[in-house]
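Novice: Turn this into a structure:
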Amino acid sequence: MVASTSRWYALAALSLCAIAIGLDSTVLSVALPTLAADLGASTDDLQWFTTSYLLVLAAGLLPGGMLGDRFGRKRFLLGAMLLFGGASAACAYAATTGQLIAARALLGLASAVIMPLTSAVVTVLFDAGERPRALSIWVTANALGIPLGPLLGGWLLDHFWWGSVFLINLPLVVVGVIAVVAWVPESHGDRGRRFDLPGVVLSTTGLAGVTYGIIEAGTRGWTDPRSLLTVTGGLLAFAVFVGWQRRAAAPLIDVALFRSRGFTGGSVLATIAAFALFGLLFALPQLFQAVGGQDAFGTGLRLLPVIGGLMAGARLSDRLTTRFGPRAVIASGLGLMAASLIAGAFLPYALVAVWVATTGAGLGLTMPPSMNAALGALAVERSGVGSALIQTMRQVGSAVGVAVLGAVLNAGYRDRLPVAAGEEVRDSAASGVAVAQRLHDPGLLDAVRTAFVHGMDRSLLVSGAVAATGVVLALLLMPRAGRPAPELAESGV
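Specialist: Below you'll find the predicted structure:
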């Protein structure tokens, strides 16, 4: 067992890794207009700057966790951090759109290794008594990069060239690598386990197909044939993957994990929370910019209540879970999220910080005990690939949240616009505001803002309904207080 002080230093190192990934997931959004001008990027290019990262990330999570288990989690974490730093520099100095897309794909590959291995190492370092507190810190670090990305990115774009938004990763990578070398111990899983090549190919194909299809559906609509075919192909690959995992001698994942109420409940409920959160984070920057008239820096400032609420909720979560059990705390957190999101659909813009902060508090109550319940069902030797499975579910939940809630928002926005509004106005609220300002038409500007608020209200109601469904699932899936389900961890799964 690692010394007590060193464990917390190691957690700080892992949290730096998580912050770097969180920064990278949001900082690009503020640079897209500049990239369009400086690199001559088309709309398709701009989409691929994001899509290339997400596709490789989703496809690489399970292999990344499995390889860390087999060859050493610290070793793979260090290699991924170095790759993350190199890919960040390649992004910053890309001279063409193709180079930037390739560098973003490398960032996705590095993140696919970092994300599961950081949570796997937390599982190894901390016992059941300390793990909830450690996971609260780790979850907060994961979310901290979300508002910091627009804040730092907006400031850097005001003072430097666009490549600087990628270079902000480098100091974090340097400090993170030094800290991992100094304080994170090496750990392994079952090193004699065979490499499940068919499982890797099938899971990669399925995750890439589903993720890409969902992203395309969010852009082209859910009736688009290409999107439907891609999602269907991904689901078929998943079906074959599950069948293969049931009969493989050394499967990539053990489907018996889902017999654990802790693992299944924790994974599903963390995915629901991710769905609601990322759908909200997709809409809020547009609200602040299109309706509130804020720039990227101002938008980042107005996202800080999410983090403030999350930190407060995560701080309470540990104590409440000890007293009432994870089932009650997770259900309460999702209930608070549902109530806040639904209230947001009816409250005026002036009160947005209130319900956003409350939503963050609900997330802080939900995520740490959900992750702890899922990770607590994993044996140490399989914690890398098990953590990767949890992260994969969260990643797909985030992509589905953005696609579904984005489609609801866009449909509501277009339905409320005047019939005479042109196609450019219907394309997005940002385009509508730009057209209205170019034409000096206050009536059109007001119509665009009113239509966007209407669409966002619809998306908040859907998101709140999903969170409310999570309350029911928490009561059904999670074991009662005092009845943990350690059977899989003890059996060596």
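
Novice: residues of stretch 116-134 that come out buried?
Specialist: Across stretch 116-134, burial judged by 16 or more other C-beta atoms under 10 Å covers 116-126, 130-134. Where you see a C-beta, it was placed from the backbone N, CA and C, and this is true even at glycine.

Novice: Enumerate every residue touching the closest residue to Val291 other than its chain neighbours.
Specialist: Computed as C-beta to C-beta, 6 or more residues apart in numbering, the closest residue to Val291 that is not its neighbour in sequence is Arg449, at 4.9 Å. Arg449 makes contacts with 290-291, 429, 433, as judged by C-beta atoms under 8 Å, 6 or more residues apart in numbering.

Novice: So how do I select the buried members of those residues in ChimeraX?
Specialist: ChimeraX command restricting those to the buried ones, with burial defined by 16+ other C-beta under 10 Å:
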select :290,291,429,433
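
Novice: Mind picking the one among the contacts of Arg449 that's closest to Gly199?
Specialist: In terms of C-beta to C-beta, no member of these lies closer to Gly199 than Ala429, at 43.0 Å.

Novice: wait, Gly65 sits on Ile253?
Specialist: No - using C-beta atoms under 8 Å, Gly65 is not in contact with Ile253, being 9.1 Å away.

Novice: of these two, who's got more company?
Specialist: Using other C-beta atoms under 10 Å as the criterion, Gly65 and Ile253 rank with Gly65 on top: 33 against 24.

Novice: what about the more buried one, helix or strand, and which?
Specialist: helix 43-71 (DSSP states H and E).

Novice: so where's the stretch 151-300 of the chain shaky on pLDDT?
Specialist: Counting by pLDDT under 70, the ranges of the stretch 151-300 of the chain that qualify are 188-193, 218-219, 221-222.

Novice: Mind doing that once more with 90?
Specialist: 151-228, 230-231, 234, 238-239, 241-267, 270-271, 273-300 (pLDDT under 90).

Novice: can you give me the helices in it?
Specialist: Secondary structure of the stretch 151-300 of the chain, counting by DSSP state H, counting those that start in this stretch: helices at 164-167, 169-183, 197-220, 225-247, 261-286, 296-324.

Novice: Against which helices or strands is the second one packed?
Specialist: Pointing back at helix 169-183 there. Counting contacts by 3 or more C-beta pairs under 8 Å, 6 or more residues apart in numbering; DSSP states H and E, helix 169-183 is packed against helix 4-38, helix 73-92.

Novice: Next: the last one.
Specialist: Secondary-structure packing of helix 296-324 (3+ C-beta pairs under 8 Å, 6+ apart): helix 131-159, helix 261-286, helix 326-344, helix 352-376.

Novice: so the second one versus helix 131-159, what angle?
Specialist: Think helix 261-286. Relative orientation of helix 261-286 versus helix 131-159 (axes from the mean of the first three to the mean of the last three C-alpha atoms, to 10 degrees): 20 degrees.

Novice: circling back to that earlier point, need the contacts of Arg449 in a markdown table with distance to Arg327, can you?
Specialist: Converted to a markdown table, the contacts of Arg449 look like this (distance: C-beta to C-beta, whole Å):
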| residue | distance to Arg327 |
| --- | --- |
| Ala290 | 40 |
| Val291 | 39 |
| Ala429 | 40 |
| Val433 | 45 |
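
Novice: May I ask which two of the contacts of Arg449 are separated the most?
Specialist: The most widely separated members of the contacts of Arg449 are Val291 and Val433, with 8.7 Å between them, by C-beta to C-beta.

Novice: Would you tell me which of the helices and strands packed on helix 296-324 gets closest to Pro305?
Specialist: Nearest to Pro305 among these is helix 352-376 (3.8 Å), distances taken as C-beta to C-beta.

Novice: Tell me the buried residues in that closest one?
Specialist: With burial defined by 16+ other C-beta under 10 Å, the residues of helix 352-376 counted as buried are 352, 355-376.

Novice: Please apply the same query to stretch 291-302.
Specialist: Counting neighbours by 16+ other C-beta under 10 Å, stretch 291-302 gives 291, 294, 296-302 as buried.

Novice: give me every residue that touches the closest residue in space to Val231 that isn't next to it in sequence.
Specialist: In space, and not counting its chain neighbours, Val231 is closest to Gly213: 3.3 Å by C-beta to C-beta, 6+ apart. Contacts for Gly213 (C-beta under 8 Å, 6+ apart) come out as 227-234.

Novice: Identify, from those, the entry nearest to Gly153.
Specialist: For those, the nearest to Gly153 is Ser227 (29.5 Å; C-beta to C-beta).

Novice: what's the spacing between the residue nearest to Val291 and Ile390?
Specialist: 39 Å (C-beta to C-beta, to the nearest Å).

Novice: Same check on Thr205?
Specialist: For Thr205 relative to Ile390 (C-beta to C-beta), the value is 20 Å.

Novice: Pick out whichever of the two has more residues nearby.
Specialist: Taking other C-beta under 10 Å, Thr205 and Ile390 do not tie; Ile390 has more neighbours (26 against 18).

Novice: helices or strands next to the helix or strand harbouring that one in the packing?
Specialist: Assigned by DSSP H and E, Ile390 falls within helix 383-416. Counting by 3+ C-beta pairs under 8 Å, 6+ apart, the packing neighbours recorded for helix 383-416 are helix 43-71, helix 97-125, helix 197-220, helix 261-286, helix 352-376, helix 442-477.

Novice: Looking at those, which one is packed in the most?
Specialist: helix 352-376 (a mean of 26; mean count of other C-beta atoms under 10 Å).

Novice: domain assignment for this protein?
Specialist: Segmentation of the chain into domains, based on automatic domain parsing, reads 1-193, 196-249, 253-493.

Novice: Apart from its chain neighbours, what residue comes closest to Trp48?
Specialist: Nearest one to Trp48, counting by C-beta to C-beta, 6+ apart, is Ile101 at 5.0 Å.

Novice: hang on, isn't the one you found packed against Thr50?
Specialist: No - contact criterion C-beta under 8 Å: Ile101 and Thr50 do not qualify, at 9.9 Å.

Novice: Put the buried members of the contacts of Gly213 into a ChimeraX selection.
Specialist: Only the buried entries of the contacts of Gly213 go into this ChimeraX selection, using 16+ other C-beta under 10 Å:
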select :227,230,231,233,234
